[in-house]
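Novice: everything below, folded, please.
(chains A and B)
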Amino acid sequence: MWKFIHQLASPPHFYRIAPKIVPWLAVPGLAIIAYGTYAGLFLAPMDYQQKDAFRIIYIHVPSAYLSLMTYMIMAVSAGIGLIWRIKLSHAVAAAAAPLGAWFTALALATGSVWGKPMWGTWWEWGDPRLTSELIMLFVYFGYMALRAAIDDTVKADKASAVLALVGAVNVPIIHFSVEWWSSLHQGPTLIKEGGPAMDAGMLYPLLAMIFGFTLVFGALLLRRVRSEVLYRERRTRWVKEMILAAEGRN
Amino acid sequence: MSEQHESPGLLAALMAVARRDLLLAWKRPGDVLNPLFFFAMVATLFPLAVGPSNEQLEFSGPGVLWAAALLAMLLSLNSLFISDYEDGSLDQMLVSPVALPVIALGKSLAHWMTSGLPLVLVSPVVAVTFRMPPEVMGYMMVTLLLGTISLSLLGSIGAALTVGLHRGTALLSLLVLPMAMPVLIFGARTVSLVASGDGVAGGLYFLAAYAVLIISIAPFATAAALRISNE
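Specialist: Down below sits the predicted model:
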């Protein structure tokens, strides 16, 4: 077990093994998303209050969940990289951040599109989750900006790892404080998610979408980490040998 | 610098670092005064932008004051490590036998005394122009007192991460502002709650608890960040 993990952490080994794992995540992931999309759009019953507008949750909820999940993956791998000095885990953190920012942006965009018919406005400050997702987006931007500002990769890895860990302590507090803030806000009465027990016909497509998004996210992350590894190791021997071997074949 | 090589006690080291920074601030009063003027200026912008209606000013006063205080703290954070970095004192701190988190805490203490504390003392003057009643003003000063401690320490992490970088100013705001949201939210909302006659204990407890949490974490994160920025 340990030997396997140790091997996986070596960049050349990871570079070789990642493309073998990607299809096992991407193909089932896309198939499940295809089922979830069809079931969500056509099979799931219409919501008695929100009509068809509720169907955006099939994109919104998986994105919002992945936006938080990605931060966790980023912070944990940044911490592992900082403590045990594993190069690969820094590459994972670097590759995860833009994905997390995109899922956060997607969650915000879909939330806003849903808000237009529901609340009659594109943006509602009274909703705590939308507001804390917005702050989450800024947290991602800060992390990526710090990385971009430091030229030395090793230094950028360590500095951004400190930021990610401080953020990991702070993100739950931000979420909690935004919730406290809006609970006092005289906002419109929202339809609470899961407030009325969800019909099974609505729930299963949602679970499928969450699962499918996670699988595809895993495939995307592996691909991004792979190119990140290749870029970081561009001056090493194994990359040169690999390129020479590829040229020899042609 | 004395000739002895054994490390001084933690408290002595903390006080020495803080005293040095306070002395430097005393020699360059502009560094302390500029953020205060900035605070007053930002607070002036709002009535000019929104209009002079009294109800509106009373309603928005706590929020405006808190946002202005946050921005003023951010402005003063820029210079936290810059001069030490430029004249080489920072290298001396990194190799000194005193634990780096203690030095970081000492610097934050001095920073708070030269930025947070003056803000707390000046805030009633600005608050009067927003027609804040005296009993609300006391609470506002308490929230600012607790909140600026957290902002000083939270900001020191960002300042340490960006110390050697060009164009660090905008980056510093991008790093610190999202992290500072809880302080802003609880600070401003607590003052608004007092103004509308509601209970305030929850908000004050939160600000105090957050300050304790940040005092425990930030010096270590700042120390780690300083080592990374200077290797």
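
Novice: mind checking pLDDT for residue B:26?
Specialist: Per-residue pLDDT puts residue B:26 at 89.

Novice: which SSE is immediately downstream of the helix or strand hosting it?
Specialist: Following DSSP states H and E, one finds residue B:26 within helix B:10-27. Helices and strands here follow DSSP H and E; after helix B:10-27, the next one along the chain is helix B:29-50.

Novice: averaged pLDDT, that following helix. What do you get?
Specialist: Across helix B:29-50, pLDDT averages out at 87.

Novice: helices or strands up against that helix?
Specialist: When contacts are defined as 3 or more C-beta pairs under 8 Å, 6 or more residues apart in numbering or on different chains; DSSP states H and E, helix B:29-50 packs onto helix B:54-77, helix B:117-129. Placement of C-beta: from N, CA and C, glycine included.

Novice: what stretches of the chain score poorly on pLDDT?
Specialist: Here I'm looking at chain A. Residue ranges of chain A with pLDDT under 70: A:1-2, A:47-50, A:183-198, A:250.

Novice: sorry, I should have been clearer: chain B.
Specialist: Scanning chain B for pLDDT under 70 picks out the ranges B:1-7.

Novice: how about the residues of it near chain A?
Specialist: Chain B comes close to chain A at residues B:157, B:161-162, B:165, B:167-168, B:171, B:174-175, B:177-179, B:181-182, B:185-186, B:189, B:193, B:202, B:206, B:210, B:213, B:217, B:221, B:224-225, B:228-229, B:231, as judged by C-beta under 8 Å from any C-beta of the partner chain.

Novice: list only buried entries from those.
Specialist: Buried members of these, scored by 16 or more other C-beta atoms under 10 Å in any protein chain shown, are B:157, B:161-162, B:165, B:168, B:171, B:174-175, B:177-179, B:181-182, B:185-186, B:189, B:193, B:206, B:210, B:217, B:221, B:224-225, B:228-229.

Novice: how about residue B:81, phi and psi?
Specialist: Main-chain torsions, residue B:81, degrees, to the nearest 10: phi -110, psi -10.

Novice: which other helices and strands does the helix holding residue B:26 contact?
Specialist: Counting by 3+ C-beta pairs under 8 Å, 6+ apart, helix B:10-27 packs on helix B:100-111.

Novice: contacting residues around the helix it packs on?
Specialist: Residues outside helix B:100-111 that contact it (C-beta atoms under 8 Å, 6 or more residues apart in numbering or on different chains) are B:10, B:13-22, B:25, B:76-77, B:80-81, B:93-94, B:96, B:152-153, B:155-156, B:160, B:215, B:218-220, B:222-223, B:226-227.

Novice: give me the distance from stretch B:78-97 to the chain's centre.
Specialist: In terms of C-alpha atoms, centre = their mean, to the nearest Å, the gap separating the centre of stretch B:78-97 from the centre of its chain is 19 Å.

Novice: buried ones in that stretch?
Specialist: B:78-82, B:84-85, B:90, B:93, B:96.

Novice: which of the residues you listed lies closest to residue A:245?
Specialist: Distance to residue A:245 across the buried residues of stretch B:78-97 (C-beta to C-beta) is lowest for residue B:85, with 46.6 Å.

Novice: secondary structure element holding the closest one?
Specialist: helix B:82-87.

Novice: so which elements touch the helix or strand just after that helix?
Specialist: Where DSSP H and E defines the elements, the next helix or strand beyond helix B:82-87 is helix B:89-95. Helix B:89-95 sits against helix B:82-87, helix B:100-111, helix B:201-229, with contacts defined as 3+ C-beta pairs under 8 Å, 6+ apart.

Novice: between the buried residues of stretch B:78-97, which is closest to residue A:173?
Specialist: Distances from residue A:173 to these, taken by C-beta to C-beta, are shortest for residue B:80, at 22.9 Å.

Novice: ok, the closest one to residue B:178 distance?
Specialist: 19 Å (C-beta to C-beta, to the nearest Å).

Novice: cool, and residue B:51?
Specialist: Applying C-beta to C-beta to residue B:51 and residue B:178 gives a distance of 30 Å.

Novice: just list the residues touching the residue nearest the centre of chain B, thanks.
Specialist: Geometric centre of chain B, nearest residue: residue B:152, 3.2 Å, by C-alpha atoms, centre = their mean. Neighbour list for residue B:152: B:73, B:77, B:108, B:111-112, B:115-116 [criterion: C-beta under 8 Å, 6+ apart].

Novice: hmm, 7 Å instead?
Specialist: Residues near residue B:152 by C-beta atoms under 7 Å, 6 or more residues apart in numbering or on different chains: B:73, B:108, B:111-112, B:115-116.

Novice: wait, residue B:68 sits on residue B:39?
Specialist: Yes: counting by C-beta atoms under 7 Å, residue B:68 touches residue B:39, with 5.2 Å between them.

Novice: so which of the two has more stuff around it?
Specialist: Between residue B:68 and residue B:39, residue B:39 has the larger neighbour count (other C-beta atoms under 10 Å in any protein chain shown), namely 25 against 22.

Novice: so that one makes contact with residue B:119?
Specialist: Yes: because the distance of 6.0 Å satisfies C-beta under 7 Å, residue B:39 is recorded as touching residue B:119.

Novice: which residues are in contact with each of those two?
Specialist: The overlap between the contact sets of residue B:39 and residue B:119 (C-beta under 7 Å, 6+ apart) consists of B:69, B:72.

Novice: find the nearest non-adjacent residue to residue B:221, please.
Specialist: residue B:157 (4.8 Å; C-beta to C-beta, 6 or more residues apart in numbering or on different chains).

Novice: try residue A:21
Specialist: Per C-beta to C-beta, 6+ apart, closest to residue A:21 is residue A:222, 6.1 Å.

Novice: sticking with the one you found, tell me its helix or strand.
Specialist: helix A:200-232.

Novice: residue A:234 falls within a strand, correct?
Specialist: No: going by DSSP: H, G, I helix; E, B strand; the rest coil, the assignment for residue A:234 is coil, not a strand.

Novice: quick check: phi and psi at it.
Specialist: The phi/psi pair for residue A:234 (degrees, to the nearest 10) reads phi -60, psi -20.

Novice: alright, I will stop here.
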